[in-house]
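> here is my input, please return the structure:
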Amino acid sequence: MNRRRVLSTLSLLPVLVWGAPKPPLTDDFISDTIREKLSGDVNVKGAKIDVDVKGGVATLTGSVSSEKQKNKAESLTKKVKGVKSVVNKIQITAP
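Below you'll find the predicted structure:
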């Protein structure tokens with residue numbers, strides 16, 4: 001019984017040390033994460049921004065009403081884990 005408890009505890013050691021397995025950083029996962037970040041930001045929320053990710057390269061397209069929104073969208077995108085670079089094709093249009 002004691003031996004079984006020790007082995008059971010040892011089998012949990014990698015999870016405790018390194019954490020639970022992380023989800024794979026697929027392009028779809030990265031794209032969804034970017035969309036969540038953009039929709040949750042007060043400056044960018046409501047802007048018409050499309051996100052496309054291929055090989056970790058995120059391309060932002062669409063339109064916003066200010067340079068501040070465009071720059072914030074790019075900044076938020078760069079911070080997402082798995083993003084290698086950002087191509088910002090967002091256009092600034094009159095509100």
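> from now on I want contacts and neighbour counts done on CA atoms only, so please keep to that.
Will do.
> and G46, how many neighbours?
12 (other CA atoms under 10 Å).
> contact partners for it?
Going by CA atoms under 8 Å, 6 or more residues apart in numbering, G46 touches S39.
> and the closest residue to V53 other than its chain neighbours, how far from V87?
Leaving out its chain neighbours, the residue that sits closest to V53 by CA to CA, 6 or more residues apart in numbering is D27, at 5.4 Å. Counting by CA to CA, to the nearest Å, the gap between D27 and V87 amounts to 15 Å.
> between those two, which one's more packed in?
When D27 and V87 are compared for neighbours, D27 comes out ahead with 18 against 14, by other CA under 10 Å.
> hmm, the more buried one is touching I34, no?
No: under the criterion of CA atoms under 8 Å, D27 makes no contact with I34, lying 10.5 Å away.
> sec struct for V83, please.
Secondary structure assignment for V83 (DSSP: H, G, I helix; E, B strand; the rest coil): coil.
> and the gap between K89 and T26?
22 Å.
> can you map out the helices along this protein?
For the chain, the helices defined by DSSP state H cover 2-18, 27-40, 67-78.
> quick one: mean pLDDT over the longest one.
Across helix 2-18, the average pLDDT comes to 61.
> what's the answer for the last one, then?
Here the mean pLDDT over helix 67-78 is 96, rounded to a whole number.
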